[in-house]
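Student: Generate coordinates for the sequence data below:
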Amino acid sequence: MPDLRQTRKKLTTALVVMAVVDVVALAVYISPLVGSTESRRQELTGLQGELVLKTRQVAPLENLPQKVQLASKQIADFYKRRFPEHNSEILTEIGKLAAADGVNIEQAKYKVGDEGPGKLMPVEMEADFSGNYTALARFINALERDDMFFIINSVTLGGQQQGPVKLNVKLETYLKAES
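Tutor: Here you go, the predicted structure:
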C-alpha cells in the first residue's frame with residue numbers, strides 16, 4: 001500500500017511551489033516595473049511603427065547583388081553608346097546633326113585633355129555655325145538629345161540684319177581612353 005505521508009508531503013510541496021509561482025506572477029503583473037496595460041500597448045505600438053520604418057529603410061537593399069549587376073551592365077552600355085573612341089567620331093556626329101538641320105559648319109576646333117576618372121579623356125570644343133535661326137535652334141536641340149554625350153557650356157548668337165545667323169558653341173564631350 002502506498003505511503004500516504006510521503007504522498008501528502010509531495011502534494012504539499014507542489015502546492016507551496018505553485019502558490020509561490022502565483023504570488024510571483026501576481027507581483028510581476030501588478031509591479032510598476034512592468035507598467036500599466038496602456039503603457040505596454042503604447043510601447044508595442046511604438047515598436048511596431050519603428051519596425052515598419054526600419055523595414056522601409058532596408059527595402060532598397062533587397063536584391064542588392066542583382067541590382068549591382070544590372071547597374072554594371074547599364075554603365076557598360078552607357079559608356080559604349082555615349083562615348084566615342086576616336087576624335088573623328090565626334091566631328092562626324094556633329095556634321096551629321098548639322099547637315100540634318102540645314103546648318104553649315106564654319107569652323108571647329110577641339111582640345112583633348114588628360115585621362116580622368118572612368119578612363120575618359122575630356123574634349124573641349126568650340127565651333128562656329130551658320131544658318132537661319134530655326135535651323136540653329138533645331139541643331140542645338142538635336143545636339144542636346146543626341147546619343148553621343150555632349151555638354152553645351154555656352155551659346156553665342158550673332159549676325160547681321162540680312163543673311164545667315166552666326167552661332168558660336170562651346171561644348172565638351174569625352175573620349176574613351178586607350179585600354
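Student: What's the first helix or strand after the helix or strand hosting Val58?
Tutor: Per DSSP states H and E: Val58 is located in helix 37-58. Once helix 37-58 ends, the next helix or strand along the chain (criterion: DSSP H and E) is helix 64-82.
Student: Quick check: mean pLDDT of that following helix?
Tutor: For helix 64-82, the mean pLDDT works out to 89.
Student: Format the CA atom coordinates belonging to the helix or strand following that helix as CSV.
Tutor: Next along the chain after helix 64-82, taking DSSP H and E as the criterion, comes helix 87-101. Only the C-alpha atoms of helix 87-101 are listed here, as CSV (Å, rounded to 0.1, in the frame of the first residue of the first chain):
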residue,chain,number,x,y,z
ASN,A,87,38.1,62.2,-82.4
SER,A,88,36.7,61.7,-85.8
GLU,A,89,33.5,60.1,-84.5
ILE,A,90,32.8,63.4,-82.6
LEU,A,91,33.3,65.5,-85.7
THR,A,92,31.3,63.1,-87.8
GLU,A,93,28.4,63.2,-85.4
ILE,A,94,28.3,67.0,-85.3
GLY,A,95,28.5,67.0,-89.1
LYS,A,96,25.5,64.6,-89.4
LEU,A,97,23.5,66.7,-87.0
ALA,A,98,24.4,70.0,-88.8
ALA,A,99,23.5,68.5,-92.2
ALA,A,100,20.2,67.1,-90.9
ASP,A,101,19.1,70.5,-89.6
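Student: what's the average pLDDT for the helix holding Val58?
Tutor: pLDDT averaged over helix 37-58 gives 88.
Student: how far out from the middle of the chain is it?
Tutor: On the basis of CA atoms, centre = their mean, to the nearest Å, helix 37-58 is displaced by 29 Å from the centre of the chain it belongs to.
Student: for that helix, packing partners?
Tutor: Judged by 3 or more CB pairs under 8 Å, 6 or more residues apart in numbering; DSSP states H and E, helix 37-58 has no packing partners among the helices and strands. All C-beta spots, glycine's among them, are computed from the backbone N, C-alpha and C.
Student: Would you mind getting the angle between the lengthiest helix in the chain and helix 37-58?
Tutor: Secondary structure of the chain per DSSP state H: the longest helix is helix 4-30. On the basis of axes from the mean of the first three to the mean of the last three CA atoms, to 10 degrees, helix 4-30 is oriented at 70 degrees to helix 37-58.
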